[in-house]
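**Q** sequence unknown, structure follows:
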Ligand code: SF4
């Protein structure tokens, strides 16, 4: 079944694509067979912008409407722009969770297109240097991805009012170094728990 949207702790999460710029071994696409909190997030077919909007209802009912996946919504920029525009016009708050490689993927700076449409962008950075990042996330562009993400964070600050860098508490991963990077970039840092058991 196609789960386009699902509620979790007061937020509405949108699952608009399973495609991603990384192939993280810890992703639930691989680990939990696409299940999250009893939702099957495997998309047999990617939804249109209209199908996503129709699944939302009243955006004001939720603390945030979060583009999450499992996949990277910024691969689908045209749909993201249509959906976020509609959410903002209807009083909602928008967060996008991303792997931070959308500019590299599209071959252009997509961030100006999100100005006024996105309240918070949350960029995952699991790795404090190119080698560690490459080992943990298996990204496109391999070692170059780390520098691309740093550039993406810096650029995002110009167009989106709240930019957050996140890192997952994997066993043996020193997230304090990522926190230092976030501090130096002048953005908020958020630690995410490592979910080992299926929820
Ligand atoms: S970035 Fe997120 S969605 Fe993409 S493979 Fe990694 S965990 Fe999965």
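**A** Nice, thanks for sending it over. Computed from a predicted structure; not experimentally measured.
**Q** Every contact and neighbour count from this point should use C-alpha atoms.
**A** Noted.
**Q** residues near residue 63, how many?
**A** The local packing of residue 63 (other CA atoms under 10 Å) involves 14 other residues.
**Q** what's next to stretch 136-156, contact-wise?
**A** 21-25, 99-101, 103-104, 111, 121, 123, 125-127, 129-131, 133-134, 163, 165, 185 (CA atoms under 8 Å, 6 or more residues apart in numbering).
**Q** I meant to write stretch 87-94 there.
**A** Contacts for stretch 87-94 (CA under 8 Å, 6+ apart): 58-60, 62-67, 84, 117-120.
**Q** quick one, phi psi at the residue lying farthest from the centre of the chain?
**A** Each residue of the chain has a distance to the centre, and by CA atoms, centre = their mean the biggest one is for residue 172: 23.4 Å. Note on residue 172: backbone dihedrals following degrees, to the nearest 10 are phi 80, psi 0.
**Q** ok, now the one 4 residues further on?
**A** Here the main-chain torsion angles of residue 176 (degrees, to the nearest 10) amount to phi -60, psi -30.
**Q** Now do the SS call for residue 164.
**A** strand (DSSP: H, G, I helix; E, B strand; the rest coil).
**Q** Report pLDDT for it.
**A** You'll see residue 164 listed with a pLDDT of 98.
**Q** In contact with it, which residues?
**A** 120-123, 187-190.
**Q** Equivalent analysis for residue 84, please.
**A** 94, 117-118.
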